[in-house]
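A structural model of the following input is requested.
(one chain, ligands or ions: 1)
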Amino acid sequence: MTVYAKGVVFEGVDFDNPNHWRLEEYVKRGGYAALKKILNEKITQDEIIAEMKTSALRGRGGAGFPTGLKWSFMPRNFPGQKYLVCNTDEGEPGTFKDLDIIVSNPHALIEGMIIGGYAMGITVGYNYIHGEVFEAYERFEEALEEARAAGFLGDNILGTDFCFQLHAHHGYGAYICGEETALLESLEGKKGQPRFKPPFPASYGLYGKPTTINNTETFASVPYIIREGGQKFLELGKPNNGGTKLFSVSGHVNRPGNYEIPLGTPFSELLEMCGGMRGGKKLKAVIPGGSSAPVLPADIMMQCTMDYDSIAKAGSMLGSGAVIVMDETVCMVSALERLSYFYHEESCGQCTPCREGTGWLYRIVHRIAHGEGRPEDLDLLASIGDNIAGRTICALGDAAVFPVRGMLKHFRSEFEYMIEHKTRQFAALS
Ligand SMILES: Cc1cc2nc3c(=O)[nH]c(=O)nc-3n(C[C@H](O)[C@H](O)[C@H](O)COP(=O)(O)O)c2cc1C
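Below is the predicted model of the structure:
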């Protein structure tokens, strides 16, 4: 699925070689050198965390929280077991990069987690993998076996007294299980529902013990940072937006796929890399960071660079880096109907505003899309959204509201047209 890799996660991967994911190939392209470096040179935990902070790596799971800062929250001298958890749930529609990592370069993730374990004094880790993907899970298990057999993982790593056990966990397959505390509940064998925060996982995580959770791509970026230095990683991107990032591009482009490019790359360049718009059609809009990110119209998007700050300034979110491209033929009422249905289906039902509100949003958009909209519906959508966002235990409620707000802000006239004329301006999505 990776069609263009010019970044740290897929650095040097020869996708034409069927063994590109194996340990031997990973080592040939510099793999496990970072782990050897910290063990041979006895680099301290503080030094690693400082390097992570310098890199300005921001969590690739959606929120963009600085990874070095998160790692510094882990209580170093806690007397009991602590845990490191990787989030490979990847349920956000449009996102398909993490799966690509565990299939095509699993050792980058494994090495990143081992380094994370070392830096935070953690000896046990889990990788929670989305429940609907079987081959990727098996591939990751095979890579774990290779790492154990080579002495990179397990007891007394590379002859030192550092031990780190890493296990794969086949998850459930629900969107909510990607939310970090729902993931922990699911990992404990319970129903995947988010926990109240605080306490945050750093103090009360898996089995009630201090836990650090990061996204797959976040961990897979760590070996490069430790091998080459945080400053070099930072300079690949732009200030406050260090490094390269994977963008899963889908929709109306000629070459959809994963593109690993420097943060700060103009969107127009990314679009060009994707072979431009399919069928030579005009760009209408882009959802720049996964289905929960507010949509941006073409003229705004063409002015943006692909990084957290630029997209936030334009009124959306870089999120997980899933770029959904829509051409001039797309009916926005139809697009929002589909998005709203997803959040209605995936709400875990724990919080009333989300459980009831996501269904209400969907039913209103559905009736507009079927020519039964009422003039007051658009204000009603906005008001329901205001009563969901920020009033739930986790951010799924916000995720359901942001697409509605984005559509009403930029494409309100399409909704008004449909309510008034009882017919679409553009054909429904097939
Ligand atoms: C409803 C919901 C779904 C989420 N799904 C994912 C997911 O599939 N993968 C992921 O890494 N983060 C997901 N997140 C974000 C995680 O809660 C968490 O912030 C992230 O795993 C932290 O890793 P990072 O700091 O490396 O980004 C989700 C959040 C919410 C609210």
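
report the longest strand in the chain, please.
Under DSSP state E, the strand in the chain containing the largest number of residues is strand 244-251.

what residues does this structure put near the ligand?
By the rule C-beta under 6 Å from any ligand atom, the part of the chain lying against the ligand is 59-63, 65, 70, 87, 89-92, 175-176, 178-180, 213-215, 218, 394-396, 399. Where C-beta positions appear, they are placed from N, C-alpha and C, glycine not excepted.

Mind telling me which residue of the stretch 1-150 of the chain is nearest the ligand?
As assessed by C-beta to the nearest ligand atom, the ligand sits closest to Gly59 within the stretch 1-150 of the chain, at 2.2 Å.

now that residue, nearest residue through space, not along the chain?
Nearest non-adjacent residue to Gly59, counting by C-beta to C-beta, 6 or more residues apart in numbering: Phe65, 4.6 Å away.

So that neighbour is in contact with Leu57, correct?
No: using C-beta atoms under 8 Å, Phe65 is not in contact with Leu57, being 10.1 Å away.

So if I had to pick from these two, which one is more boxed in?
Shown here are Phe65 and Leu57; by other C-beta atoms under 10 Å, Leu57 has more neighbours (30 against 12).

I'd say that one and Gly237 touch.
No: using C-beta under 8 Å, Leu57 is not in contact with Gly237, being 9.2 Å away.

Common neighbours of the two, please.
Counting by C-beta atoms under 8 Å, 6 or more residues apart in numbering, the common neighbours of Leu57 and Gly237 are Gly243.

Okay, now the unreliable bits of the stretch 251-400 of the chain?
Scanning the stretch 251-400 of the chain for pLDDT under 70 picks out nothing.

what about the strands in it?
257-262, 265-266, 283-287, 296-297, 305-306, 322-327 (DSSP state E, counting those that start in this stretch).

so how far is the helix or strand harbouring Arg227 from its chain's centroid?
In this assignment (DSSP states H and E), Arg227 forms part of helix 216-228. Centre-to-centre, helix 216-228 and its host chain are 15 Å apart (C-alpha atoms, centre = their mean, to the nearest Å).

Secondary structure class of Lys409, three-state.
helix (DSSP: H, G, I helix; E, B strand; the rest coil).

just to revisit the earlier point, now do the longest strand of the chain and strand 283-287, the angle between them.
130 degrees (axes from the mean of the first three to the mean of the last three C-alpha atoms, to 10 degrees).

show me what contacts the nearest residue to Ser72 once chain neighbours are set aside?
Nearest non-adjacent residue to Ser72, counting by C-beta to C-beta, 6+ apart: Ile49, 5.3 Å away. Contact partners of Ile49, counting by C-beta under 8 Å, 6+ apart, are Gly68, Trp71, Ser72, Ala119.

Now, those that are in helices?
Applying DSSP state H to the contacts of Ile49, the entries found in helices are Gly68, Trp71, Ser72, Ala119.

out of those, who has the most neighbours?
Going by other C-beta under 10 Å, Ala119 tops those with 27 neighbours.

For that one, which non-adjacent residue is spatially closest?
Ala119's closest residue in space is Ile48 (C-beta to C-beta, 6+ apart), at 4.0 Å.

Which of the helices or strands spans that neighbour?
Secondary structure assignment for Ile48, by DSSP H and E: helix 45-55.

Report the backbone C-alpha coordinates of that helix in CSV.
Taking C-alpha atoms only, helix 45-55 is exported to CSV below (Å, rounded to 0.1, in the frame of the first residue of the first chain):
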residue,chain,number,x,y,z
GLN,A,45,16.9,7.1,30.4
ASP,A,46,17.0,10.9,30.8
GLU,A,47,19.2,11.2,27.7
ILE,A,48,16.7,9.3,25.6
ILE,A,49,13.8,11.3,26.8
ALA,A,50,15.7,14.5,26.1
GLU,A,51,16.4,13.3,22.6
MET,A,52,12.7,12.5,22.1
LYS,A,53,11.8,16.0,23.3
THR,A,54,14.3,17.6,20.9
SER,A,55,12.8,15.7,18.0
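
Give me the angle between it and helix 216-228.
110 degrees.

Check which residues of helix 45-55 are buried.
Gln45, Ile48, Ile49, Glu51, Met52, Lys53, Thr54, Ser55 (16 or more other C-beta atoms under 10 Å).
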